[in-house]
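Undergrad: Okay, here's the prediction I keep looking at, along with the sequence it came from:
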Protein chains: 4
Amino acid sequence: MTKGTHKTVLLTGFEPFGGESVNPSWQAVHQLDGCHIAGHTIRTKELPCEFDHALTQLNRAIDKYAPALVLCVGQAGGRADISIERVAININDARIPDNAGAQPIDTPVLAGGPVAYFAALPVKHMLNDLHQAQIPASISNTAGTYVCNHVMYGLLHYISEHQLNCRGGFIHIPYLPEQAMHHSGAPSMSALQVIDALKVMISSALTHDTDLLIAAGTTH
Amino acid sequence: MTKGTHKTVLLTGFEPFGGESVNPSWQAVHQLDGCHIAGHTIRTKELPCEFDHALTQLNRAIDKYAPALVLCVGQAGGRADISIERVAININDARIPDNAGAQPIDTPVLAGGPVAYFAALPVKHMLNDLHQAQIPASISNTAGTYVCNHVMYGLLHYISEHQLNCRGGFIHIPYLPEQAMHHSGAPSMSALQVIDALKVMISSALTHDTDLLIAAGTTH
Amino acid sequence: MTKGTHKTVLLTGFEPFGGESVNPSWQAVHQLDGCHIAGHTIRTKELPCEFDHALTQLNRAIDKYAPALVLCVGQAGGRADISIERVAININDARIPDNAGAQPIDTPVLAGGPVAYFAALPVKHMLNDLHQAQIPASISNTAGTYVCNHVMYGLLHYISEHQLNCRGGFIHIPYLPEQAMHHSGAPSMSALQVIDALKVMISSALTHDTDLLIAAGTTH
Amino acid sequence: MTKGTHKTVLLTGFEPFGGESVNPSWQAVHQLDGCHIAGHTIRTKELPCEFDHALTQLNRAIDKYAPALVLCVGQAGGRADISIERVAININDARIPDNAGAQPIDTPVLAGGPVAYFAALPVKHMLNDLHQAQIPASISNTAGTYVCNHVMYGLLHYISEHQLNCRGGFIHIPYLPEQAMHHSGAPSMSALQVIDALKVMISSALTHDTDLLIAAGTTH
């Protein structure tokens, strides 16, 4: 039990959804279990692709590990690079049912919660460190309105509400090559490169107290 | 002066930016000036593509017209359809300088303001009515981090802070065909269709008090 | 019967295929029937989306009208601009069955025919004239391997084999807006603009004997 | 000298062009020099990104090695998968000058040559074997109109004209990750996966005398 020493990083991935047989997030994340980065030990957890249930599981893992950093990772089929999410919004609008069959439409993640939370991460340092490592990456301004955004919002709310001494946020990753071949023309990234990217981002998030001022916005 | 009767709609477009010689938003918007839709008169305003200054101008126009509805419209070069923005976030992160040369990076739109505002619009009704009219449209979950998001955030904050009896939000539109031909392979939409879309959305926003529950989310 | 005077232009479109209820090519083409452009009368023909049968119908129409110019037009769902096809290749490789249920794989359009034919059109003049008219357009180097390429190859072979005093080629056009709304994020072009584009290209093809030397290639 | 025994495979890549500091084709290709696949030894050659000169160099290498198979590999920035080119056309239309400053527009690769050559490869077997190996891949129907298409046409003409007992064709590959990070949102493929793909394709091309009949066409 590391509570109090804050020497743990919690890394989560998701189970497959939307007809896929794997989820690249868990494929990459689980390979880092037990690794040591910047004086911290990585703990991993596979989350169900289910509204609410995913959050219960996530919160339980946070209670268990009392991590100094939580990075939740999810699949963004169609995106070509590592995207660091900047913001989570208080809405569920499911284009397809989740793995338990629920399809909430325009419900809040948390009734009465704020409209949004910004990632509690030095996102620009993480971006810069990925680029230094020659890994394609960008800042994203939407994590969607499905279970990924739901988990990111729930994570940041939990940290805020319990005033945890913990950083946290969400990372979206492309399809694996073996998935992309079933989606004509979709970009992919190898599991090896995703693992490298996660290591870079964990180290970056643990070692920078303030963020870097570099432009990484979009005009729309 | 329509103050008190709430029979005005304020429609704004932007001046050109980013090296373009026109901005499709103002090209479309200005043609609706003086039109009557659902018992309201359309008033239009061209906003400068400048942080802060755009908001000063917008707020002045709101004070002048006391509109029942404000729709701000902006160019989203590269998008193919009408996108109804769901949320504005409290950040400026300018990829390129604005028309006054300012390039804020990770500053708030409004210091101390909430992280985000949801559009004060029946976005799903508007989407549905556009589809009924055979116009390509979608809900967008990011208005970017440039002047468009800045104006949307500022608008919603102004409505909220002054407790105006006014709906409001932001619409992104594609390049015009004459712009798209300079951006190899970029999609476009004719000014005529954009004007039709604006009419549909204004009517929709004025006549629906509650929103429709149809899925229009994204998984990421 | 205009044979010998060469004062006719034959314009063809296709019937719908691939689950669509309309084909934008015929929607645009049929509205030009009977029009006069550069001293020529437009005749139109809707071709079936069927291998071989489409060519029989096309050849019959050529025999009937003895046109000075044949432009065959087809739908390219996903493309954003008018594309002038540069070349047709001697192969059928059908990703989906045609409207008669045939799905040829790697068969020749014409056994023993040349590997390919270049369009018998001043493609660069046509491109330039479209751009002068502010219409998004490009040269395409593949018409695919379905019925469109099949018809283009067949047309050019017929012209060549019978040494007709006739120009000819193929034009691909985007989805109509009412189609694009069912293909999330797909670009579209209004029927009005397609009709304008066809007029420009017909006039251009009829009035330029040699082609213009402007770069319009692709690196891959 | 392997002439007569046909136990060599010639693999070519290109030098960088278009402002890039590396070319992924040569980055991958040169690592296979000296390898043995299906009883053949791989020989590699870096070609200049120059019209005509590239062909002189290629032909010299063919004369030197008398290969049983020639695969020329080139960069297709923006494509997401391995693309096996089906056809080369007899035209040069350079969007940008080549590395020697030449920018031919609508000139033939070979005056008086046929309009096109099909790849002398079992392209469907190669595609199928890549998919069996879980590598994203597709058949492409255009190699563009730049030096890649030029080299492919020249290769196939040389084989045909000299009636060489040699197979040959062209493969386009995506950007490397370190290139893609400079092209916002562009897909990439790791050098490791490209090398795996080349091995699969070489083996496939050497071991299949006839091709497989599987659909891999496009509707446009």
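TA: Done, it's in. Numbering: from 1, shown residues only, chains lettered A, B, ... in the order given.
Undergrad: what are the ranges of the helices in chain A?
TA: Using DSSP state H, the helices of chain A run over A:24-29, A:53-65, A:123-132, A:147-161, A:177-180, A:191-207.
Undergrad: Can you point out the buried residues in the third one?
TA: So the one you mean is helix A:123-132. A:123, A:124, A:125, A:126, A:127, A:128, A:129, A:130, A:131 (16 or more other Cβ atoms under 10 Å in any protein chain shown). For glycine as for every other residue, the C-beta is placed from the backbone atoms N, C-alpha and C.
Undergrad: Columns distance to chain C and pLDDT on top of those, output as CSV?
TA: Output for those, formatted as CSV (distance: Cβ to the nearest Cβ, whole Å; pLDDT from 0 to 100):
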residue, distance to chain C, pLDDT
A:123, 26, 98
A:124, 29, 98
A:125, 32, 98
A:126, 28, 98
A:127, 26, 98
A:128, 30, 98
A:129, 32, 98
A:130, 27, 98
A:131, 25, 98
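Undergrad: Any chance of a markdown table for those residues, columns distance to residue A:12?
TA: Converted to a markdown table, the buried residues of helix A:123-132 look like this (distance: Cβ to Cβ, whole Å):
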| residue | distance to residue A:12 |
| --- | --- |
| A:123 | 18 |
| A:124 | 23 |
| A:125 | 21 |
| A:126 | 17 |
| A:127 | 21 |
| A:128 | 24 |
| A:129 | 21 |
| A:130 | 19 |
| A:131 | 25 |
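Undergrad: out of those, which touch chain B?
TA: Contacts with chain B within these, counted by Cβ under 8 Å from any Cβ of the partner chain: residue A:124.
Undergrad: Present the buried residues of helix A:123-132 as TSV; the columns should include distance to chain D.
TA: Converted to TSV, the buried residues of helix A:123-132 look like this (distance: Cβ to the nearest Cβ, whole Å):
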residue	distance to chain D
A:123	16
A:124	15
A:125	16
A:126	14
A:127	10
A:128	12
A:129	12
A:130	8
A:131	6
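Undergrad: Identify, from the buried residues of helix A:123-132, the entry nearest to chain B.
TA: Nearest to chain B out of the buried residues of helix A:123-132 is residue A:124 (Cβ to the nearest Cβ; 7.2 Å).
Undergrad: what's near enough to touch the closest one?
TA: By Cβ atoms under 8 Å, 6 or more residues apart in numbering or on different chains, the contact set of residue A:124 is A:139, A:211, A:212, A:213, A:214, A:216, B:106.
Undergrad: distance of the closest residue to it other than its chain neighbours from residue D:180?
TA: Spatially, and ignoring its direct neighbours in sequence, residue A:124 is nearest to residue A:212 (4.2 Å; Cβ to Cβ, 6 or more residues apart in numbering or on different chains). According to Cβ to Cβ, to the nearest Å, residue A:212 and residue D:180 sit 22 Å apart.
Undergrad: between the two, who's got more neighbours?
TA: Applying other Cβ atoms under 10 Å in any protein chain shown to residue A:212 and residue D:180 shows that residue D:180 carries more neighbours, namely 25 against 17.
Undergrad: where does chain A come near chain D, residue by residue?
TA: A:79-81, A:131, A:134-138, A:177-178, A:180-181, A:184-190, A:192-193.
Undergrad: what about chain A, any weak spots by pLDDT?
TA: A:1-6 (pLDDT under 70).
Undergrad: could you pull out the strands for it?
TA: Here chain A has its strands, by DSSP state E, at A:8-14, A:36-37, A:40-47, A:69-75, A:82-85, A:87-89, A:92-93, A:105-107, A:116-118, A:137-140, A:167-173.
Undergrad: Just name the most buried of those strands.
TA: strand A:87-89 (a mean of 29; mean count of other Cβ atoms under 10 Å in any protein chain shown).
Undergrad: List the pairing partners of it within its sheet, with orientation.
TA: strand A:116-118 (antiparallel) (DSSP bridges).
Undergrad: Outside of the strand it pairs with itself, list whatever touches it.
TA: Applying Cβ under 8 Å, 6+ apart, the set of residues contacting strand A:116-118 is A:86-90, A:152-153, A:156-157, A:160, B:87, B:89, B:91, B:114-116.
Undergrad: try stretch A:58-65
TA: A:2, A:8, A:10, A:12, A:43, A:45, A:47, A:70, A:72, A:151, A:154-155, A:158, A:164, A:166.
Undergrad: Identify each buried residue in it, please.
TA: For stretch A:58-65, by 16+ other Cβ under 10 Å, it's A:58, A:61, A:62, A:65.
Undergrad: And for stretch A:95-108?
TA: Quick answer for stretch A:95-108 (16+ other Cβ under 10 Å): A:95, A:98, A:99, A:103, A:104, A:105, A:106, A:107.
Undergrad: Nearest to residue B:19, out of those: which one, please.
TA: Proximity of the buried residues of stretch A:95-108 to residue B:19 (Cβ to Cβ) peaks at residue A:95, which lies at 35.2 Å.
Undergrad: So that closest one sits against residue B:217, correct?
TA: Yes - with contact defined as Cβ atoms under 8 Å, residue A:95 reaches residue B:217; the gap is 4.9 Å.
Undergrad: Pull the contacting residues for the residue of chain A most remote from its centre.
TA: No residue in chain A sits farther from the centre than residue A:184, which is 25.7 Å out by Cα atoms, centre = their mean. By Cβ under 8 Å, 6+ apart, the residues touching residue A:184 are residue D:138.
Undergrad: of the strands of chain A, which approaches residue D:39 most closely?
TA: Comparing the strands of chain A by Cβ to Cβ, strand A:167-173 comes nearest, at 40.0 Å.
Undergrad: Tell me the helices and strands packed up against that closest one.
TA: helix A:24-29, strand A:69-75, strand A:82-85, helix A:147-161, helix A:191-207 (3 or more Cβ pairs under 8 Å, 6 or more residues apart in numbering or on different chains; DSSP states H and E).
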